[in-house]
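J.: Got a predicted model here, sequence first, then my questions.
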Amino acid sequence: MDGDAIRAALEQELARFGDHAIDASMTLIELDESAESTIVAALSEHSWDVVVIGGGIRKPEPLMPLFEQVVNLVRRHAPKAAIAFNTSGGDSVEAAQRWL
């Protein structure tokens, strides 16, 4: 996978949130011991209405423990936020809109 291409696609999707007048932020994590603190910091920035968890964490079976951790961190650190799941990096706006 081309990291630059993935980053560009994610940035394009983040721009789509702005096109829909949705204030959004994206957090990319390293698959190491820093993941939890990075996620907690992002969730603590402000009160979120919805958190979209992407397929990059959700779909690869080896990442199932991380996916569970992310869901539980959202529940703990953003308890009022709905949790949404996209089907690809290109439909995060629609995933969020289901809960806004």
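T.: On my side now, so go ahead. Residues are numbered from 1 along each chain as shown.
J.: Now do the strands in the chain.
T.: Along the chain, counting by DSSP state E, strands occupy 50-53, 82-85.
J.: In JSON lines, list those along with mean neighbour count.
T.: All C-beta spots, glycine's among them, are computed from the backbone N, C-alpha and C. Listed next are the strands of the chain as JSON lines, based on neighbours: other Cβ atoms under 10 Å:
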{"stretch": "strand 50-53", "mean neighbour count": "20"}
{"stretch": "strand 82-85", "mean neighbour count": "16"}
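J.: any chance of those strands in TSV, plus mean pLDDT and distance to residue 20?
T.: Below are these laid out as TSV (pLDDT from 0 to 100; distance: least, Cβ to Cβ, whole Å):
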stretch	mean pLDDT	distance to residue 20
strand 50-53	97	13
strand 82-85	97	14
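J.: longest helix anywhere in the chain?
T.: helix 3-19 (DSSP state H).
J.: distance between it and the chain's centre?
T.: Averaging C-alpha positions (Cα atoms, centre = their mean, to the nearest Å) puts helix 3-19 12 Å from its chain's average.
J.: for stretch 14-31, same thing?
T.: On the basis of Cα atoms, centre = their mean, stretch 14-31 is displaced by 8 Å from the centre of the chain it belongs to.
J.: Also stretch 2-21?
T.: The answer for stretch 2-21 is 12 Å, by Cα atoms, centre = their mean.
J.: next one: stretch 77-94
T.: Centre-to-centre, stretch 77-94 and its host chain are 6 Å apart (Cα atoms, centre = their mean).
J.: Pull out the buried residues from it.
T.: Of the residues in stretch 77-94, those buried by neighbour count under the rule 16 or more other Cβ atoms under 10 Å are 77, 78, 81, 82, 83, 84, 85, 86, 92, 93.
J.: out of the strands of the chain, which comes closest to residue 14?
T.: Judged by Cβ to Cβ, the one of these that comes nearest to residue 14 is strand 50-53, at 10.9 Å.
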